[in-house]
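In: Return atomic coordinates for the entry below.
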Amino acid sequence: MIREQILDLIKMFYPPRLVIHSLYYLVYGGDGLDWRVTYTGLYSRRLARIIDQLIRSGQIKICPNDRLVPPDHECPNEEFNSIEIIEKAIKQYMIQETIKKTI
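Out: Residues are numbered from 1 along each chain as shown. Got it, this is the predicted structure:
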């Protein structure tokens, strides 16, 4: 499930690895620990392994600017650093998804 969520985020936002590595996935739920993708700004080795597996399996590729994209898409060519914009977009998306799940 986490792998699919990461892949979906990459397909939607083309984030740099730095942003994906800022996702943390262990939260405490009503019935104990639960694995979810949530934005907290902490580095996660497990997410790093998932990203590496996705790269090795050819499901995503790394662009020269460290952006992660689907293999059939071209790397974004930017003249400015878009990390903050992407980070905010992912954060907002994840907040909306959390709200949907709680309603």
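In: Need the nearest residue in space to I60, chain neighbours excluded.
Out: L54 (4.7 Å; Cβ to Cβ, 6 or more residues apart in numbering). The C-beta positions use only the backbone N, C-alpha and C, and glycine is treated the same way.
In: Surely that neighbour is in contact with L7?
Out: Yes. With contact defined as Cβ atoms under 8 Å, L54 reaches L7; the gap is 6.4 Å.
In: tell me, what's touching the two both at once?
Out: Jointly contacting L54 and L7 under the rule Cβ atoms under 8 Å, 6 or more residues apart in numbering are I60.
In: so what's the residue nearest the centre of the chain up against?
Out: Most central residue of the chain, judged by C-alpha distance to the mean C-alpha position with Cα atoms, centre = their mean, is I20 at 3.8 Å. Remark: with contacts taken as Cβ under 8 Å, 6+ apart, I20 is in contact with I6, L9, I10, L47, I51, L68.
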